[in-house]
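In: heads up, no residue letters with this:
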């Protein structure tokens, strides 16, 4: 099944069962931010599409953004915890051992930028879930990690939802 088909099916489900929208948004953001899982689920495409549902007034913006933010915070926190408690074991296990260049890039990124690397890393695709894992494995202090994690998540959620949410209104104004 293609990413487009998965996105379409998920959006149809959310349209039909709006009561499940926020838990789905939470789970997608959680998965998108969780080490290993983020490599196999097409959450970004679905979250961008969810923004379009906000733009058509099918979903409320603030609760949807909060669900996405909280999911991202939880996913990063678990990735950090895994790194902190399992160190190199988790980085050297499947499927990360199949992507040594990606792990190396995440390590270099974290070493270069530290706390800002955790903050900024959230906005860069595959690094999104690996930087927290590496931060934990490299013993970043909990407080520093949590500051970067909690402050970056709402910004990331806004950035991923806003194009659909506000783009739809812009298109309607421009072409309507």
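Out: Everything's here; your move. Computed from a predicted structure; not experimentally measured.
In: Give the buried residues for stretch 158-166.
Out: In terms of neighbour count (16 or more other Cβ atoms under 10 Å), stretch 158-166 has its buried residues at 160-162, 164-165. C-beta coordinates here come from the backbone N, C-alpha and C atoms, glycine included.
In: same thing with stretch 62-73?
Out: Counting neighbours by 16+ other Cβ under 10 Å, one finds that the buried residues in stretch 62-73 are 64-73.
In: how close does residue 7 sit to residue 74?
Out: In this view, residue 7 and residue 74 are 22 Å apart by Cβ to Cβ, to the nearest Å.
In: For residue 164, see how far away residue 50 is.
Out: Applying Cβ to Cβ, the value for residue 50 to residue 164 is 7 Å.
In: Name the next helix or strand downstream of the helix or strand hosting residue 29, please.
Out: Following DSSP states H and E, the helix or strand that holds residue 29 is helix 21-33. Under the assignment DSSP H and E, the closest C-terminal helix or strand after helix 21-33 is helix 43-55.
In: Which SSE is immediately downstream of that following helix?
Out: Along the chain past helix 43-55, the next helix or strand (assigned with DSSP H and E) turns out to be helix 61-91.
In: what angle separates that next one from helix 43-55?
Out: If you take axes from the mean of the first three to the mean of the last three Cα atoms, to 10 degrees, helix 61-91 sits at 170 degrees to helix 43-55.
In: just checking, what packs against helix 61-91?
Out: Here helix 61-91 touches helix 21-33, helix 43-55, helix 127-137, helix 142-175, going by 3 or more Cβ pairs under 8 Å, 6 or more residues apart in numbering; DSSP states H and E.
In: now the angle from that helix to helix 142-175?
Out: Calculated by the same axes, to 10 degrees, helix 61-91 forms an angle of 130 degrees with helix 142-175.
In: Kindly calculate the angle that the very next helix or strand once past helix 61-91 makes with helix 142-175.
Out: Scanning forward in sequence from helix 61-91, with DSSP H and E defining helices and strands, the next element found is helix 100-113. In terms of direction (the same axes, to 10 degrees), helix 100-113 departs from helix 142-175 by 100 degrees.
In: Alright, calling it a day.
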